[in-house]
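Just need the structure, nothing else, for what follows:
(2 chains)
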Amino acid sequence: MANEHPMNDPRNIWQNQTTEAFKMSADELRSKAQRRRRKSRFEAVYSMILGFILFVAFARMFAGVQEIVPRIGWGLLSLWCIYFVYQAYKWFWTDGVASDATLNTTLQAYRRALENRRDYLLHIGRRAGLAFCFLGVAMVTAPALVKAVDDPRLLLNVAPIFVLLAIWLAIFLPTRKRNQRKLQQEIEELRRFERENFDSLAAGAN
Amino acid sequence: MADDYLGCEPIPGGDVSQDSLYEQAADTYGSALERLARAYELDPEVRRDLLQDIHLHLWHSFAYFDQRCSLRTWVYRVAHNVATGHVIRQSRLRNRLVSIEAIETLPGSEQIESAASQSEALERLSTLIQRLKPLDRQIIVSYLEGMDANSVSEITGLSPANVAMKIHRIKNILRRWFDEGGRHGQ
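A predicted model of the protein is given here:
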């Protein structure tokens, strides 16, 4: 039957699709692995240099400003840059992206990948040191905003930034929450699978 | 020499056994890996990158292959796990994926007319697979590759009973998508 109507036999269709017999030589593999490592190192160096440049710029502002509140703000921003450099080193230089591909079954690996993704989204603010950044920016801009109370026209200058920030937050926060909820649902589903498996295997053993 | 992988110590034997294991795996399962990549990525350019990634991970992994499972199980685990990582990184796409159970309960409008050619039928099959969540995708791909429930269970970690139930559902869906379409076309 499968031979008479091969288009009705999905296994036949699947297994008979054309392939190119793709294979990489040992040299190709080694060179690709080295290229990947080099790229990762380059990204690390690039991010670290960027962090240092910003650090120097903010530190100069810190040294030049006399008012205490903006000064602390620039200081916080400089610290944030150092933290950024550290994170760049940690994530890019040390190749922290290795996939745990072999030692686990695909069910375990899939759940772990989802959990990593969930944790990444959950702690993205902390990992990026956004608290330092926002606090620094707030302290730098606060005196200007206080002055604007006397002259409200000054507020118009910064209004577009705040409007954009509000729009971004209005989109980002619900989207992030929805994504996290979906991830969590899927993780729960996989855990249920694992429990069922454990139960059925235990029943089989008895 | 492979880089440190998962913090595991490489198995003594060095590059030779790693290279020869990779050679053996690529020769035996090369075509299956290409088909597997097709199940995870439709865009040919991105698919080629994914396939290279799978081969690279495989080669890396063989430095730690301790023969606790068969070569086939190892190869499929690595390949599926790398491909699953690829799907997870595409979060916008991932949010639209559904389970086998969800596809099984879709109304009749999902049934498609007969495929005019082999390539159209393959396109249809790929479309169906691309809609599935990674774990279900692994099961359907393994089924299409001709594996039995025990082999799929060894790769995925699901119990054989669970796998058998899923395969039963997959067969129902495929019958609906292909047999009925075929009959309408005759």
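
And the helices in chain A, which stretches?
For chain A, applying DSSP state H gives helices covering A:10-15, A:26-64, A:68-88, A:106-122, A:124-127, A:130-150, A:153-205.

which other residues reach the first one?
The list of residues contacting helix A:10-15 from outside it, by C-beta atoms under 8 Å, 6 or more residues apart in numbering or on different chains, reads A:2, A:6-7, B:35, B:118, B:121-122, B:125, B:143-146, B:174, B:177-178. For glycine as for every other residue, the C-beta is placed from the backbone atoms N, C-alpha and C.

What residue in chain B comes nearest to chain A?
In chain B, the residue that lies nearest chain A is residue B:157 (2.7 Å; C-beta to the nearest C-beta).

what's the closest non-adjacent residue to residue A:148?
Spatial nearest neighbour of residue A:148, chain neighbours left out: residue A:154 (3.9 Å); criterion: C-beta to C-beta, 6 or more residues apart in numbering or on different chains.

Which residue, other than its chain neighbours, is closest to the residue of chain B closest to chain A?
residue A:105 (2.7 Å).

and that neighbour, what does it touch?
Applying C-beta under 8 Å, 6+ apart, the residues near residue A:105 are B:77, B:154-157.

is it possible to export those to a markdown table including distance to residue A:171?
Output for those, formatted as a markdown table (distance: C-beta to C-beta, whole Å):
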| residue | distance to residue A:171 |
| --- | --- |
| B:77 | 38 |
| B:154 | 44 |
| B:155 | 40 |
| B:156 | 37 |
| B:157 | 38 |
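
And the chain, what are its domain boundaries?
Looking at chain A here, since you left the chain open. Split into domains by automatic domain parsing, chain A comes to A:23-98, A:102-199.

Oops, wrong one, chain B.
Domain ranges of chain B: B:14-93, B:97-185, per automatic domain parsing.

Just give me the lowest mean pLDDT stretch among those.
When the domains of chain B are compared by mean pLDDT, domain B:97-185 comes last with a mean of 80.

where's that domain relative to the chain centroid, distance-wise?
Its chain's C-alpha centre and that of domain B:97-185 lie 12 Å apart, by C-alpha atoms, centre = their mean, to the nearest Å.

right, is stretch A:21-31 up against chain B?
Yes. Contact of stretch A:21-31 with chain B (C-beta under 8 Å from any C-beta of the partner chain) involves A:21-24, A:26, A:29.

The domains of chain B into a markdown table, with extra columns for mean neighbour count and distance to residue A:190?
A markdown table is the format used below for those (neighbours: other C-beta atoms under 10 Å in any protein chain shown; distance: least, C-beta to C-beta, whole Å):
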| stretch | mean neighbour count | distance to residue A:190 |
| --- | --- | --- |
| domain B:14-93 | 19 | 12 |
| domain B:97-185 | 18 | 7 |
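
For the ones you listed, give me TSV that also has distance to residue A:74.
TSV is the format used below for the domains of chain B (distance: least, C-beta to C-beta, whole Å):
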stretch	distance to residue A:74
domain B:14-93	36
domain B:97-185	46
